[in-house]
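*Asks:* Provided below are the primary sequence and the corresponding predicted coordinates.
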Amino acid sequence: MKNMTKSARRLLSYAALTILTATVLAGYVVLITPQNANEAYEGPLRSYEIMDIKVIFVGERTGLANELLKALSTYRQIKSIFMMTSVGELTSMVDKIDHSWIIIFDSKWLRDKVENTQLHRFLEFILPRETKILAIGNSTSLLFEVLDRVRDVMPDGRNPAYFDPPAAGYKLRVATLPDGRKYYGDSIYIYAEKRNVNVHTLIDAILMWI
Amino acid sequence: MKRPETLILLLLLISMVPLSLSLANIAEASGPYLVWVRDYSYTPLLDSNPHGRLNLIVSIYKLLNDGVPTYDWYFYEVRIQTVPGRVAYNSNWETAHTYATHCVANPGTNRWLVDYDPTTTSGVTTVTVSLTAAAGPQGSGVAFSVSWSYDIPHVRVIDRSDFSVHRAEWEHDFDETNDPFPGSPSDSTYLAKPGFVVKTTQNAWSFVDGRYGVMWGRPVLWWWEYVTFRSGWLRLDALRLGDS
């Protein structure tokens, strides 16, 4: 070391500093990245296709709704999320809504809307376009009470979400008869497990259902 | 001279009968067929960390073009998927039993359980589910059947159905303590696909209440520990008006 020139020593110290910085940075990446990756969850990389889904959330952003919206915003399949609080706002969007939209109702919001004719007319327009509707929260059976005013989805006293599961959904699906004629069938989604509501499991299930 | 001509004409006419009959058959759209009416997706129906998950999808089809103006037939395909803790939660919990009960609600006057499959199995690795538009206790049946199969290696099906109370019920008993590991039905995802048929009076709803359960188990030293979860009663109703 004694025989080294001043410039060589300087070069060596620069090299040592660079190696030290690189080691610290590598350690940071290894230790910190898993936590960051968890926060920036990109959605499952499994079998369903990537599509541009637009979400409308109607109601108050609290509890499960808040958790769900936070998680949804990190999924790459979700193109945009619109927040609304009134039937008027919903009906103003009616021309834009098609099969690539999901309308999520906070079930509390539905409490005084079961007999709302403006909401009924809105649903009459959007359901044949295969738009998906979902209710979340503690009173999800109300979704089918509203739907029953629009279509013959259930006989009296036979609500499929009568036990108010954490999430309940409905969509019309086009199917084809052997002679080529088209018709609609119903598809009903229920997230039944009340003890363990995992928003990522719920979102994965919804993405599989739609 | 007139007689041979008449005979030739008669023979010509007779030879055309099979042709006209076959054309008539084509025009009749080849008999009864099933159309999809409704799906119920319960995903998950039961979910417990670290034990596992039970998913359920019920697809309901109606028989059309059946030629019977007084009755309808609804075919139920039940898909019960068990995802044990070994797959869902990276734990050591395996599937030991699944339970599926279906009761026709308000039976006997407007709706009847008329067929179901599979029945109890013994020593087989595949089961074929074959369903028919049977007559049941009232009215006529239709010559129509549909079938599918599913694998049951290291699984035994126990049939607990009862026509007298309009109940289709199965237990799938997994051989969790003896089957090979890994890759047998108890320690991996497993799909059971039983089915049943509800006959209704024309344009009446098919009302079915379903209830499902699962028992998960795990090895603890030289014994096994078990937990059981059951769902509430689910409404699995369907209606499609008209017969064509």
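*Replies:* Yes, it's here. Numbering: from 1, shown residues only, chains lettered A, B, ... in the order given.

*Asks:* Please tell me how far residue A:117 sits from chain B.
*Replies:* Taking Cβ to the nearest Cβ, to the nearest Å as the criterion, residue A:117 is separated from chain B by 24 Å. C-beta: built from backbone N, CA, C; applies to glycine.

*Asks:* Next, that residue: phi, psi?
*Replies:* Main-chain torsions, residue A:117, degrees, to the nearest 10: phi -70, psi -30.

*Asks:* Identify the residue nearest the geometric centre of chain A.
*Replies:* Centroid-nearest residue in chain A: residue A:72, 4.2 Å away (criterion: Cα atoms, centre = their mean).

*Asks:* Looking at strand pairing, list the partners for the spatially closest residue to that one that is not a sequence neighbour.
*Replies:* Counting by Cβ to Cβ, 6 or more residues apart in numbering or on different chains, residue A:78 is the residue found nearest to residue A:72 once chain neighbours are left out, at 5.3 Å. Taking DSSP bridges as the rule, residue A:78 bridges to residue A:53.

*Asks:* Also residue B:56?
*Replies:* Under the criterion used (DSSP bridges), residue B:56 bridges to residue B:42, residue B:80.

*Asks:* isn't it right up against residue B:78?
*Replies:* Yes: assessed by Cβ atoms under 8 Å, residue B:56 is found in contact with residue B:78 at 7.3 Å.

*Asks:* okay, and the common contacts of the two?
*Replies:* residue B:210 (Cβ atoms under 8 Å, 6 or more residues apart in numbering or on different chains).

*Asks:* got the residue ranges for the helices in the chain?
*Replies:* Reading this off chain A. Along chain A, the stretches classed as helices by DSSP state H are A:6-39, A:63-72, A:87-91, A:107-110, A:117-126, A:141-148, A:199-209.

*Asks:* I was after chain B.
*Replies:* B:2-27, B:85-88.

*Asks:* Lowest average confidence across those, which one?
*Replies:* The minimum mean pLDDT among the helices of chain B belongs to helix B:2-27 (a mean of 46).

*Asks:* what ranges of the chain fall below the confidence cut-off?
*Replies:* Just going to use chain A. Within chain A, the stretches with pLDDT under 70 are A:1-50.

*Asks:* that's the other chain; I wanted chain B
*Replies:* Looking at chain B by pLDDT under 70, you get B:1-29.

*Asks:* What parts of chain B come near chain A?
*Replies:* Within chain B, the positions lying close to chain A (Cβ under 8 Å from any Cβ of the partner chain) are B:29, B:33, B:35-49, B:64, B:105, B:205, B:207, B:231-232, B:234-237, B:239.

*Asks:* The closest residue in space to residue B:193 that isn't next to it in sequence bridge partners, please.
*Replies:* In space, and not counting its chain neighbours, residue B:193 is closest to residue B:150: 4.5 Å by Cβ to Cβ, 6+ apart. Counting by DSSP bridges, residue B:150 forms beta bridges with residue B:127.

*Asks:* likewise the one 5 residues further on?
*Replies:* With DSSP bridges as the criterion, residue B:155 is bridged to residue B:174.

*Asks:* Could you count how many residues lie near it?
*Replies:* Residues lying near residue B:155 (other Cβ atoms under 10 Å in any protein chain shown) number 24.

*Asks:* Over to residue B:196?
*Replies:* Number of residues near residue B:196 (other Cβ under 10 Å) recorded here: 25.

*Asks:* mind listing what it touches?
*Replies:* Contacts of residue B:196 by Cβ under 8 Å, 6+ apart are B:76, B:78, B:102, B:113, B:115, B:116, B:117, B:131, B:168.

*Asks:* And residue B:131, by the same measure?
*Replies:* Taking Cβ under 8 Å, 6+ apart, one finds B:75, B:115, B:116, B:117, B:145, B:146, B:147, B:195, B:196, B:197 in contact with residue B:131.
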